[in-house]
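J.: Sequence and predicted model, in that order:
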Amino acid sequence: MPGLDDVREDVERVRREFDSALSAANDGPGIESVRVEFLSRKGRIAQPFKVLGGLAPDDRGEAGRLLNELKDRAEGDVGKRIAASAAATRNARLEQERLDVTMPGPARPLGHLHPLTVVQREIEAIFLRMGFDVATGPEIETEYYNFEALNIPADHPARADWDTFYVSDTTLLRPHTSPVQIRVMESTPPPIRIICPGRCYRRDAQDATHSPVFHQIELLWVEEGLSLAHLKYVLELFTREFFGPGYEMRFSGDFFPFTEPSVQVHIKAPGAERWLEIMGAGMVDPAVLEGVGYDPERLSGFAFGLGLERMAMLKYGIDDIRAFLSNDLRFLRQF
Ligand code: DAH
C-alpha cells in the first residue's frame, strides 16, 4: 500500500519531468503538447491523485496539498509559457509588419501641360492683360460661317485654300478660327475685343512644317476709329511680351477676302537671317461688318489669325511640327 513518501517521490519525479519537458518545448504546439501530456484530465499529474483514496487518512491532507501544489505550479508555468509564446509571435509579426511613417512615399511621376497649351495660355494671358476676352467656337463649322459670312462665296477661288474635311454637305472641320469672329459679332453689340484660340483642320500632307491638325489664335477688335496703326501697335506690344526685346517685325501686302487691306506679318529673331511669317492680318472688310449688321461707316476693326504651333516652334527652337502630336516623352519632358 503506497504511503506519503511514495506520493512525495512521485510528485518530485513528475515535477522534474514536467520541468524538463516544458523547458524543451520551444514553440506554441510544443507547449500545448506538454500541457496535454501533464495537465489534461487523464494526464500525468491527474494520475497520482488516484492513490489519495488508498492513503492513511492522516496522510491524505498532506499528499493532497503536495499534489495540488504540483498541479497549480504546472498550470502556472504552462500559462506563463503560453502567454510568452503568444507575445513573442505577436512581436515578431509587428516587427515584420513595421511601418515607418516617416519614410518618403513612392514618387509618382507628375504630368504637366503640353507645350502648346503652355504657349496658348501665355498668349491668352498677354491679350487678357490688354483687355481682350477669350471666345470659342465649334470645330465642326457650317459653310456659312466658314466662308460666306467671311466674304468667300461658293465660286470664290480662295475656297480652294481652305477646302477641307466635310462632315456633311454643308458642315466641315473648320480650316481656320476666323468663323468665330462672325459668331461673336452676330451675338454681341460692338465694341468687340476678343481672341479665339482653337484647333483647325486642313487637307495638308504632313511634313516638318505642315499638319492636317493645328491650332490658331484669332484676334478681333472692332470699334470706332481703329486703323492699321492700332493693329501694328497691338502686335508690337504682343511680340515684345511674348518673345522679349530685339525681335523685328515686318508688314507686307497679302490678300484675304475678309480683310481690306490684308497683310502678312513676319518677324525676325535677334541675329537671325530669315524673316518668318507668323500670321495673316488686316482691317476687317466692310462687307463682313455689314453682313453681321454692323455699320461700316461708323465702325472699323482689325483681325489676325496666328499659328500657335509656329509661335511655339519659334520660341523653343522646335524644327518639326510633328513633335507636338507624336507623344514622345523625351520631347514633352523638356517643357
Ligand atoms: N484665317 C486666315 C487663315 O487661316 C488667317 C487670317 C488672315 C485671319 C487675316 C484673320 C485675318 O483674322 O484678318 O489663313
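T.: Nice, thanks for sending it over.
J.: In this structure Met130 contacts Val234, no?
T.: Yes: with contact defined as CB atoms under 8 Å, Met130 counts as touching Val234 (7.0 Å). Bear in mind the C-beta positions are built from the backbone N, C-alpha and C, glycine included.
J.: Among those two, which residue is more densely surrounded?
T.: For Met130 and Val234, the more surrounded residue by other CB atoms under 10 Å is Val234, and the numbers stand at 20 against 14.
J.: Quick check: the more buried one is in a helix.
T.: Yes: applying DSSP: H, G, I helix; E, B strand; the rest coil, one finds Val234 inside a helix.
J.: Can you check the pLDDT for it?
T.: We have a pLDDT of 96 for Val234.
J.: same thing with Gly76?
T.: Note on Gly76: pLDDT of 93.
J.: Please apply the same query to Lys42.
T.: Confidence for Lys42, expressed as pLDDT, is 90.
J.: That one: neighbour count?
T.: Residues near Lys42, counting by other CB under 10 Å, number 7.
J.: Can you list the neighbours in contact with the helix or strand of the chain with the lowest mean pLDDT?
T.: When each helix and strand of the chain is scored by mean pLDDT, DSSP states H and E, helix 159-162 comes last, with a mean of 82. Around helix 159-162, the neighbours that count as contacts under CB atoms under 8 Å, 6 or more residues apart in numbering are 146-147, 152, 175-176, 202.
J.: and with 6 Å instead?
T.: Contact with helix 159-162 is made by 152, 175, as judged by CB atoms under 6 Å, 6 or more residues apart in numbering.
J.: Show the model's pLDDT score for the residue lying closest to Thr239 once chain neighbours are set aside.
T.: By the measure of CB to CB, 6 or more residues apart in numbering, the closest residue to Thr239 outside its immediate chain neighbours is Tyr247, 5.3 Å from it. According to the predicted model, the pLDDT of Tyr247 comes to 89.
J.: Report the separation between Tyr247 and Glu241.
T.: Spatial separation of Tyr247 from Glu241 under the definition CB to CB, to the nearest Å is 11 Å.
J.: My assumption is that Leu220 lies in a helix; please confirm.
T.: No: according to three-state DSSP, the state of Leu220 is strand, so it is not within a helix.
J.: Would you agree it is in contact with Ala303?
T.: Yes: counting by CB atoms under 6 Å, Leu220 sits close enough to Ala303 to count as a contact (4.7 Å).
J.: For the residue in the stretch 51-200 of the chain that the ligand sits nearest to, give me its contacts.
T.: As assessed by CB to the nearest ligand atom, the ligand sits closest to His176 within the stretch 51-200 of the chain, at 3.3 Å. Applying CB under 6 Å, 6+ apart, one finds that His176 lies in contact with 200, 216, 305.
J.: Now intersect these with the helices, please.
T.: When the contacts of His176 are checked against helices using DSSP state H, none is located there.
J.: With that, I have no additional questions.
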